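Engineer: Coordinates for the following, if possible.
(one chain, ligands or ions: 1)
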Amino acid sequence: MKSLKDTFKLNNGYEIPCIGYGTFQTPDGDSVVNGVKEAIKAGYRHIDTAWFYQNEKGVGQGIRESGVKREDLFITSKLWNSDRGYESAKEAFEKTMDNLGLEYLDLYLIHWPANKKQFDNAEEINANTWRAFEDIYETGRVKSIGLSNFLPQHIDELMKTAKIKPMVNQIEFHPGFAQIETAEYCIKNDIVAEAWSPLGRKDALSNETLIELSKKYDKSVAQICIRWVLQHNILPLPKSVTPSRIIENADVFDFEIDNEDMKIIDDIPYCGGQCADPDEVDF
Ligand SMILES: NC(=O)c1ccc[n+]([C@@H]2O[C@H](COP(=O)([O-])OP(=O)(O)OC[C@H]3O[C@@H](n4cnc5c(N)ncnc54)[C@H](OP(=O)(O)O)[C@@H]3O)[C@@H](O)[C@H]2O)c1
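Structural biologist: Reported below is the predicted structural model:
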């Protein structure tokens, strides 16, 4: 990857720009509108939102006010957990499209798998939700469909009934929580892995090992984290509402972390982030 315009190829032929702009915890209104516009001005062409973030309206407004053509942007949203199931997923998709004010979505993800801790019929719920996703995909109103927070066992289970293979799986991935096995499983199965909280929700930025590496490469710790994700062939989704940081987080194409340092970052022990186990969460 050499610039923000470079892409990962999805298994259905579409291309997804190699760094996405995250919007979790960015309030709706001016904050998200300005953030999206700043990101697009800085060259980002990929925006990540979700129904749960309660800012889809502002994301849509930011896109419309950005001056960049819709077809040159890649927009992702996600189905929240309370909307799982065939009919409710279809209804939730309509609400998301109304909020965004878009004619089509580039990528729609199941935000979290239903788990057995909460549901005896978790597999059936996930299969029914996916069936709705497949039907929406067939209408052409979403160009690609995928998953988030699905571990290999959840994907294997889903594939027993799926007609369409997911194009993406978005997982938590940052120094101190490198879910390399799950990411490699996705890549091996031709599913693009995306990294949420690539900065560990900023907790990784005070890690001593990363601070040392940042001095060595003369880049910020955030840039080291984002570059490390990219060098794992994973698509990072850094979030910032701060214009200078939005630019900084995209300035990661002029250096390379060597193999030895990649391994050092891989082995950093827990240093923050959410680090939730999708089989254990109760939301
Ligand atoms: N699928 C899921 O379940 C899921 C879950 C969580 C997140 N996500 C997605 O992944 C995106 C990123 O994750 P995240 O928002 O949790 O965390 P993150 O991107 O790891 O960290 C964001 C935090 O880091 C700060 N920051 C950003 N760039 C910085 C820099 N260069 N220097 C210093 N601080 C910096 C931001 O502050 P300011 O904004 O104040 O600048 C913010 O506090 C989300 O926005 C969302 O789109 C998905």
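Engineer: Got phi/psi on the closest residue to the ligand within the stretch 1-150 of the chain?
Structural biologist: Nearest residue of the stretch 1-150 of the chain to the ligand, counting by CB to the nearest ligand atom: residue 22, 2.5 Å away. Any C-beta I mention is one placed from the backbone N, CA and C, and that applies to glycine too. Taking degrees, to the nearest 10, you get phi -80, psi 150 for the backbone angles of residue 22.
Engineer: Residue 281 now?
Structural biologist: phi -70, psi 150.
Engineer: That one: how many residues sit nearby?
Structural biologist: Here the count is done by other CB atoms under 10 Å, and residue 281 has 15 residues near it.
Engineer: three-state assignment of residue 117?
Structural biologist: coil (DSSP: H, G, I helix; E, B strand; the rest coil).
Engineer: hang on, it packs against residue 280?
Structural biologist: Yes: with contact defined as CB atoms under 8 Å, residue 117 and residue 280 form a contacting pair (6.2 Å).
Engineer: Which residue of the two possesses the greater neighbour count?
Structural biologist: residue 117 (12 against 9).
Engineer: Spell out the secondary structure type for the residue of the chain most remote from its centre.
Structural biologist: Distance from the centre of the chain peaks at residue 216, with 28.7 Å (CA atoms, centre = their mean). Using three-state DSSP, the structure places residue 216 in helix.
Engineer: Please identify the helix or strand for the residue nearest to it when sequence neighbours are not counted.
Structural biologist: Spatial nearest neighbour of residue 216, excluding adjacent residues (CB to CB, 6 or more residues apart in numbering): residue 261 at 7.6 Å. Assessed by DSSP states H and E, residue 261 sits inside helix 259-266.
Engineer: how about the CA coordinates for that helix, as PDB?
Structural biologist: Below are the C-alpha coordinates for helix 259-266, written out as PDB (Å, rounded to 0.1, in the frame of the first residue of the first chain):
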ATOM      1  CA  ASN A 259      10.400  -8.000  10.600                       C
ATOM      2  CA  GLU A 260      12.100  -8.000  13.900                       C
ATOM      3  CA  ASP A 261      10.100  -5.000  15.100                       C
ATOM      4  CA  MET A 262       6.900  -6.400  13.700                       C
ATOM      5  CA  LYS A 263       7.400  -9.400  16.000                       C
ATOM      6  CA  ILE A 264       8.200  -7.200  19.000                       C
ATOM      7  CA  ILE A 265       4.900  -5.300  18.400                       C
ATOM      8  CA  ASP A 266       3.000  -8.700  17.900                       C
END
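Engineer: Please point out which parts of it sit buried.
Structural biologist: Neighbour-count burial for helix 259-266, counted by 16 or more other CB atoms under 10 Å, picks out 261, 264, 265.
Engineer: Model confidence at the first one, what's the number?
Structural biologist: If I follow you right, that is residue 261. pLDDT for residue 261: 98.
Engineer: Surely it touches residue 213?
Structural biologist: Yes: contact criterion CB under 8 Å: residue 261 and residue 213 qualify, at 5.9 Å.
Engineer: hey, where'd the helices end up in the stretch 101-250 of the chain?
Structural biologist: Assigned by DSSP state H, counting those that start in this stretch, the stretch 101-250 of the chain shows helices spanning 122-139, 152-159, 180-188, 208-217, 221-231, 243-248.
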